[in-house]
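In: model this:
(2 chains)
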Amino acid sequence: QVQLVQSGAEVKKPGASVKVSCKASGYTFTRYAMHWVRQAPGQRLEWMGWINPGNGNTKCSQKFQGRVTITRDTSASTVYMDLSSLRSEDTAIYYCARDYSSNVYGDLDPWGQGTLVTVSS
Amino acid sequence: QSALTQPASVSGSPGQSITISCTGTSSDVGSYNLVSWYQQHPGKAPKLMIYENTKRPSGVSNRFSGSKSGNTASLTISGLQAEDEADYYCCSYAGSDTWVFGGGTKLTVL
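Out: Prediction:
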């Protein structure tokens, strides 16, 4: 079955960077877009960006321009999200989510289990 | 982009129907038939309930339906059940390979 397994929780200091991984299994990794979505405590879902695992092309929300880098390792069927210059407002659960079909329509299913990133001095 | 506008909360009794609205602009909801809806129970990852405005993924109950008119999309849940109590989010394609979520709606089953 299709499954996305994310890396474990992280605690970082302000100004540091964090790299979250998302390992995919159960399907052809390069055929489906992967998105990153975050959710601060008690807050709404927020779309961050996506990657085409086939060619590595990415697009990120303007809000995160310059701070987010999304990459992939096709040999490991893994996508990574790197967020730099962390501040307290970046404390959130970070989810990876695959496009439901091979079209890049932003219909997200399935989702990873989420990775809690806590930014605290 | 600004978040899509959803009511903060809606409620209904078991067996009733409720509708959650999702209002965007002519740059997102109004321009594309690419609105999706997600259900999120506390402490869980979101689950896709409706995609491309009106389609249901396999395994999702036909009590859930979606529609769109102009800049507003809607999610209707008929025959409300206790397990439908959750947060619901809409999401729309916003052009230039970007997407935007709504603010979320808390559904309470009375």
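
In: Can I get the longest strand belonging to chain B in CSV, CA atoms only?
Out: Secondary structure assigned by DSSP state E gives strand B:86-93 as the longest strand of chain B. Extracted C-alpha coordinates of strand B:86-93, given in CSV (Å, rounded to 0.1, in the frame of the first residue of the first chain):
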residue,chain,number,x,y,z
ALA,B,86,-13.8,17.1,12.9
ASP,B,87,-12.1,20.1,11.4
TYR,B,88,-12.6,20.6,7.6
TYR,B,89,-10.3,22.4,5.3
CYS,B,90,-10.7,23.5,1.7
CYS,B,91,-7.8,24.0,-0.7
SER,B,92,-7.6,25.5,-4.1
TYR,B,93,-5.1,25.8,-6.9
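
In: Which elements pack onto that strand?
Out: Contacts of strand B:86-93 with other secondary structure elements, assessed using 3 or more Cβ pairs under 8 Å, 6 or more residues apart in numbering or on different chains; DSSP states H and E, are made with strand A:45-51, strand B:18-23, strand B:35-40, strand B:72-77, strand B:99-101, strand B:105-109. Heads up, the C-betas are built off the backbone N, CA and C, glycines and all.

In: strands paired with it, and their directions?
Out: With DSSP bridges as the criterion, the sheet partners recorded for strand B:86-93 are strand B:35-40 (antiparallel), strand B:99-101 (antiparallel), strand B:105-109 (antiparallel).

In: if you compare those, which one is most tucked away?
Out: Mean neighbour counts were compared across the strands paired with strand B:86-93 using mean count of other Cβ atoms under 10 Å in any protein chain shown; the top stretch is strand B:35-40, at a mean of 26.

In: After that strand, which helix or strand is next?
Out: Downstream of strand B:35-40, the first helix or strand assigned by DSSP states H and E is strand B:47-50.

In: can the very next helix or strand once past that next one be found next to chain A?
Out: On the C-terminal side of strand B:47-50, the closest following helix or strand by DSSP H and E is strand B:64-69. No. Counting by Cβ under 8 Å from any Cβ of the partner chain, chain A is not contacted by strand B:64-69; separation bottoms out at 11.5 Å.

In: what pairs with strand B:64-69, and is each one parallel or antiparallel?
Out: Partner strands for strand B:64-69, per DSSP bridges, with pairing direction: strand B:72-77 (antiparallel).

In: From the rest of the structure, what touches the longest strand of chain B?
Out: Taking Cβ atoms under 8 Å, 6 or more residues apart in numbering or on different chains as the criterion, the residues outside strand B:86-93 that touch it are A:44-45, A:47, A:105-106, A:108, B:4, B:6, B:20, B:22, B:24, B:28-29, B:32, B:34-42, B:46, B:49, B:73, B:75, B:99-102, B:104-107.

In: ranges for the strands of chain A?
Out: Secondary structure of chain A (DSSP E): strands located at A:3-6, A:10-12, A:18-25, A:34-39, A:45-51, A:58-60, A:68-73, A:78-83, A:92-99, A:108-111, A:115-119.

In: So the fifth one, near chain B or not?
Out: Yes. Applying Cβ under 8 Å from any Cβ, one finds that strand A:45-51 is in contact with chain B at A:45, A:46, A:47, A:50.

In: Now render those as a markdown table, adding pLDDT, distance to residue A:27 and neighbour count.
Out: As requested, those are arranged in a markdown table below (pLDDT from 0 to 100; distance: Cβ to Cβ, whole Å; neighbours: other Cβ atoms under 10 Å in any protein chain shown):
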| residue | pLDDT | distance to residue A:27 | neighbour count |
| --- | --- | --- | --- |
| A:45 | 98 | 23 | 25 |
| A:46 | 98 | 26 | 18 |
| A:47 | 98 | 22 | 25 |
| A:50 | 97 | 16 | 28 |
